[in-house]
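J.: sequence plus the predicted model coming up.
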Amino acid sequence: MKKIILLLFSIFTIFAGSYGFAQQNFADDERINISVYERISPAIVAIEAQVSDGVSAGTGCVISSDGLILTGSHVVDDATQIEVTTYNGQTYKAKFIAQMSAKNKDLALLKITPDAPLKTVSFADSEEVKVGQKVLTIGNPFGFSNTLTQGIISRIDYVKNRFQTDAAINPGCSGGPLLNSTGEVIGISQSIYNPDHNISNIGIGFAIPSNEAVKFIATVDKSKLTPKKIKK
């Protein structure tokens, strides 16, 4: 009888330990998500561009504290006016600085003059990204600002040089960051595969590798980075 009791106790201990380990891992994962969101969301902005057929909405990453912003070029293509709203709800008129016109290099830079220094993102080496790696995104899907979603790198398209992910990317997220677990930008959200014309997100999104963004930023003429003073 003693042996049976000891055996049952051992089994219970193993299962309890496994459950506790799983719970601890889940809590650690939550803490990573919370930490990344709290640190990075102040460096993410919402973008609205007036275009010929209405309003184009997207997301941007602040890359310098004085208001230089990286986004997707298709968000601001042929815009007559661009407005940027920071995480604290302040809205600024933005100046278009440059765009990357090469195929599948959907990137653009904007400039605002903020009232105070802004938080900024940092970039990781996208050559080190692996399929299966956890990723987080922050964006403004359908106007719901500063929305966090998560997923993994589902595939690396070496021909088109972009990452595929199952993290939820929807209209309004273009230009936002694809982040690793330390909060570094590994990609810039570009598009989703949507055979039903945006009726649903089926878990196939695409992002431009961060190294492409870093190379693009380095080519920009720094003399263009001083916009006119915003009229209050």
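T.: Cool, got the structure.
J.: quote the end-to-end distance of stretch 168-184.
T.: 18 Å (CA to CA, to the nearest Å).
J.: so for that stretch, mean pLDDT?
T.: Taken as a whole, stretch 168-184 has a mean pLDDT of 94.
J.: buried set for that stretch?
T.: For stretch 168-184, the neighbour count (16 or more other CB atoms under 10 Å) marks 168-180, 183-184 as buried. Yep, even glycine has a C-beta here, placed from its N, CA and C like the rest.
J.: what residues are up against the most centrally placed residue in the chain?
T.: Ranked by distance to the mean C-alpha position of the chain (CA atoms, centre = their mean), the top residue is residue 177 at 1.9 Å. Counting by CB atoms under 8 Å, 6 or more residues apart in numbering, residue 177 makes contact with 40, 44, 61, 121, 137-138, 185, 187-189.
J.: quick check: closest non-adjacent residue to it.
T.: residue 185 (4.5 Å; CB to CB, 6 or more residues apart in numbering).
J.: which residues does the one you found bridge with?
T.: Listed by DSSP bridges, the beta-bridge partners for residue 185 are residue 123, residue 179.
J.: isn't it up against residue 125?
T.: No - the criterion here is CB atoms under 8 Å, and residue 185 misses it with residue 125 at 10.8 Å.
J.: shared neighbours, the two?
T.: Jointly contacting residue 185 and residue 125 under the rule CB under 8 Å, 6+ apart are residue 210.
J.: what about those two, which has more around it?
T.: Between residue 185 and residue 125, residue 185 has the larger neighbour count (other CB atoms under 10 Å), namely 25 against 12.
J.: got a list of what the more buried one touches?
T.: 61, 121-124, 177-179, 210, 213.
J.: export the residues you listed as CSV, with columns for distance to residue 53.
T.: Listed next are the contacts of residue 185 as CSV, based on distance: CB to CB, whole Å:
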residue, distance to residue 53
61, 26
121, 30
122, 36
123, 33
124, 36
177, 27
178, 28
179, 32
210, 31
213, 27
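J.: mind giving me the ChimeraX command for buried ones among the residues you listed?
T.: Selection command for ChimeraX covering only the buried members of the contacts of residue 185, criterion 16+ other CB under 10 Å:
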select :61,121,123,124,177,178,179,210,213
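J.: which one of the contacts of residue 185 is nearest to residue 131?
T.: Nearest to residue 131 among the contacts of residue 185: residue 178, at 13.7 Å, using CB to CB.
J.: now the closest one: how far from residue 64?
T.: In this view, residue 178 and residue 64 are 20 Å apart by CB to CB, to the nearest Å.
J.: ok so, going back, nearest to residue 54 among the contacts of residue 185?
T.: Closest to residue 54, out of all of the contacts of residue 185 and judged by CB to CB, is residue 61, at 24.2 Å.
J.: buried residues, the strand or helix carrying that closest one. List them.
T.: Element membership of residue 61, judged by DSSP states H and E, is strand 54-64. For strand 54-64, burial by neighbour count (16+ other CB under 10 Å) applies to 56-63.
J.: so which of those is the closest to residue 83?
T.: Closest to residue 83, out of all of the buried residues of strand 54-64 and judged by CB to CB, is residue 57, at 10.2 Å.
J.: give me every residue that touches that closest one.
T.: Neighbouring residues of residue 57 by CB under 8 Å, 6+ apart: 46-49, 75, 140, 143, 171-172.
J.: any idea how far apart the tips of stretch 75-89 sit?
T.: When the termini of stretch 75-89 are compared using CA to CA, they are 20 Å apart.
J.: run the chain-centre distance for that stretch.
T.: 16 Å (CA atoms, centre = their mean, to the nearest Å).
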